[in-house]
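output the structure for:
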Amino acid sequence: MIRSIRGRLLLLAAVWLCAALLGAFLLISSLLRDFVTDRFDAEAAAIADSLIGQLQVQDGAVTLDDTPVDARFLLPFSGWYWQVDAGDRLIDRSASLLDGRLSGPAGDFTGGAGRDSDGAGLRTLRREVTLPDSEAMVAITVTAPMDQIRDSLRQIVRPLAVALAVLGLGLAAASVIQVTAGLKSLVRLRVDLARVRRGDSPRLAMPDVTELRPLAAEINGALDQNAVLLTRSRQHLGNLAHSLKTPLTALSNDLPQDHAGQALIARMDRLIGWHLRRARQQGGRVLGQQTPIAPVIDDILLVLRWPMQDKGMTAQIDCPPDAAFPAERQDLEEIVGNLCENAVKWGRSHLRISVTTGATLRLAVQDDGPGLPPDQAPKALARGGRLDEQGPSGAGLGLAIVADLAALHGGELLLERSELGGLAAIVDLPA
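Residues are numbered from 1 along each chain as shown. The predicted model follows:
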């Protein structure tokens, strides 16, 4: 079964075109065959009429006063014959017949099938008349060769077939152009939808054809609904976070700082933040978003300026001014913020952020800290990654959050050895 609309339309057009051309060829050929045959029959009838006009009766005997002057009746075995006989007596015949004799059933008939002496087919006309002053029945027989009729018909039918074939090729080309032009709006709709998915446009432009406008309107409605539902989901998540964190904060304030429960409260707070972030990621994303990367990096580094000053860290940023993240700013802030926060916590004196664009958008954050042992990378990137208490507070959560966000947007997080000696956290996303 053909699954392509273009293929189905072209197949239907081809079937209809072949059937129409074949039907036209058969119909026109039949009309031409009748026309050619009637023309030969008319010539034979004219010869028969002229022979009847030359019949004379003298002393009760039938004679032929004059014979037709036509070169075709002089050439032997030409298939053009005439003969006049009365009963068993031959009155006269054409020179082309030589000593042959034409015979046929009694009565007048047109288009009877006959045979020449050499077996060639003949188109036969036979008329029987009775002359005044004579009781004898006179039969006039005129024949035409079937081969000439077929040749004449072939000379007409061959150009007809060529003309219909050329017409068919022209109509086939016109069908291809028509189908291609008709589906161009679908191709344009696909391109516009891809632009929305990449974030180049927030909505679909209305197509220029009436049939596709309801489809574009439904897609735009789905995009709007997606944005509304995502906004509501995030509002509910924010309310839930506030509802959970407020009691934890109250408990933390009521307990002394050196109380053993403070560690449990801190752990619960991190776990709540972790699961709320994962729920936010799984809630989906708004299509058609583009977020400039450079301003987000500047804002994140501004937030981290005090921890960096305390450690004497410097930051090197290499980001094209037109680089854009194909999603919402909140997701980009989560990625850049977690990676930079992780690098500041573990780095010693230097932080490098680089962004490269092309077929793939690559965001790399490197530090000069101790790095991550190769056997620990799978644990850090695992779904619901390790939540231990080693190192600075919150270690391990940031990378797992970034890995989930990267997967949400069709990319991945790679952990490699940095050129600075520490960890290189690289996020690759489809551009």
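
next SSE downstream of the helix or strand of the chain with the lowest mean pLDDT?
Lowest on mean pLDDT, DSSP states H and E among the helices and strands of the chain sits strand 109-115, with a mean of 52. With elements assigned by DSSP states H and E, the helix or strand that comes after strand 109-115 is strand 121-130.

from the contact counts, what lies against the following helix or strand past that following strand?
For strand 121-130, the following helix or strand on the C-terminal side (DSSP H and E) is strand 137-145. Judged by 3 or more C-beta pairs under 8 Å, 6 or more residues apart in numbering; DSSP states H and E, strand 137-145 is in contact with helix 5-53, strand 81-86, strand 121-130. In short, each C-beta sits where N, CA and C put it, glycine included.

okay, these, which one's buried deepest?
strand 81-86 (a mean of 23; mean count of other C-beta atoms under 10 Å).

now the strands: where do they sit in this protein?
55-58, 61-64, 81-86, 89-93, 109-115, 121-130, 137-145, 291-292, 314-318, 324-325, 350-356, 360-367, 412-417, 423-430 (DSSP state E).

lowest mean pLDDT across these, which one is that?
Mean pLDDT is lowest for strand 109-115 out of the strands of the chain, coming in at a mean of 52.

quick one, which of the strands of the chain gets closest to residue 272.
strand 412-417 (22.8 Å; C-beta to C-beta).

now do that closest one and strand 360-367, the angle between them.
With axes from the mean of the first three to the mean of the last three C-alpha atoms, to 10 degrees applied, the angle from strand 412-417 to strand 360-367 works out at 40 degrees.

show me what counts as buried in strand 412-417.
413, 414, 415 (16 or more other C-beta atoms under 10 Å).

adding distance to residue 247 as columns, could you present those residues in CSV?
Shown next, in CSV, are these (distance: C-beta to C-beta, whole Å):
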residue, distance to residue 247
413, 33
414, 39
415, 36
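
out of the residues you listed, which comes closest to residue 96?
Relative to residue 96, and with distances defined as C-beta to C-beta, the nearest of these is residue 414, at 99.5 Å.

beta partners for the closest residue to the closest one other than its chain neighbours?
If you skip the residues right next to it in sequence, residue 414 has residue 426 as its closest partner in space, 4.3 Å away by C-beta to C-beta, 6 or more residues apart in numbering. Beta-bridge pairing for residue 426 (DSSP bridges): residue 364, residue 414.

and the chain, what are its domains?
Following automatic domain parsing, one finds the domains of the chain at 5-152, 211-284, 289-430.

which of these has the lowest mean pLDDT?
Across these, domain 211-284 gives the lowest mean pLDDT, at a mean of 74.

centre of the chain versus that domain, how much separation?
Mean-position distance between domain 211-284 and its chain equals 43 Å (C-alpha atoms, centre = their mean, to the nearest Å).

do the same with stretch 71-83
Relative to its parent chain, stretch 71-83 has a centroid offset of 65 Å by C-alpha atoms, centre = their mean.

list the buried residues for it?
72, 73, 78, 79, 80, 81, 82, 83.

mind exporting that stretch as CSV, just the C-alpha atoms?
C-alpha atoms of stretch 71-83 as CSV (Å, rounded to 0.1, in the frame of the first residue of the first chain):
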residue,chain,number,x,y,z
ALA,A,71,-5.5,2.1,-63.9
ARG,A,72,-6.1,0.0,-60.8
PHE,A,73,-8.4,-2.3,-62.8
LEU,A,74,-5.6,-2.8,-65.4
LEU,A,75,-3.0,-4.1,-63.0
PRO,A,76,-3.1,-7.9,-62.7
PHE,A,77,-4.0,-9.3,-59.3
SER,A,78,-4.2,-5.8,-57.9
GLY,A,79,-7.3,-6.7,-55.9
TRP,A,80,-9.3,-4.1,-57.7
TYR,A,81,-11.6,-6.1,-59.9
TRP,A,82,-15.0,-5.7,-61.5
GLN,A,83,-17.1,-8.3,-63.2
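
hmm, who's touching that stretch?
Stretch 71-83 is contacted from outside by 47-48, 51, 68, 70, 90, 92-98, 100-102, 116-118, 120, 122, 139-148, using C-beta atoms under 8 Å, 6 or more residues apart in numbering.

ok, now how distant is the residue nearest to residue 143 when sequence neighbours are not counted from residue 8?
Nearest residue to residue 143, sequence neighbours excluded (C-beta to C-beta, 6+ apart): residue 122, at 4.2 Å. Separation of residue 122 from residue 8 (C-beta to C-beta, to the nearest Å): 53 Å.

contacts only, for the residue of the chain positioned farthest from its centre.
Ranking residues of the chain by C-alpha distance from their mean position (C-alpha atoms, centre = their mean) puts residue 59 at the top, at 90.1 Å. Under the criterion of C-beta under 8 Å, 6+ apart, residue 59 has no neighbours.

ok so, going back, out of the buried residues of strand 412-417, flag the one nearest to residue 260.
Looking across the buried residues of strand 412-417 and measuring by C-beta to C-beta, the closest to residue 260 is residue 415, at 33.8 Å.

circling back: nearest approach to residue 163 belongs to which of the helices and strands packed on strand 137-145?
Each of the helices and strands packed on strand 137-145 has some distance to residue 163 by C-beta to C-beta; the shortest is helix 5-53, at 9.8 Å.

let me know the angle separating the closest one from strand 81-86.
40 degrees.

quick one, helix 5-53 and strand 89-93 angle?
120 degrees.

what is helix 5-53 packed up against?
strand 81-86, strand 109-115, strand 121-130, strand 137-145, helix 146-198.

if we use 7 Å, what do you get?
Counting contacts by 3 or more C-beta pairs under 7 Å, 6 or more residues apart in numbering; DSSP states H and E, helix 5-53 packs against strand 81-86, strand 121-130, strand 137-145, helix 146-198.

just to revisit the earlier point, dump the buried residues of stretch 71-83 into TSV; add distance to residue 370 as well.
Output for those, formatted as TSV (distance: C-beta to C-beta, whole Å):
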residue	distance to residue 370
72	114
73	119
78	113
79	110
80	114
81	117
82	120
83	123
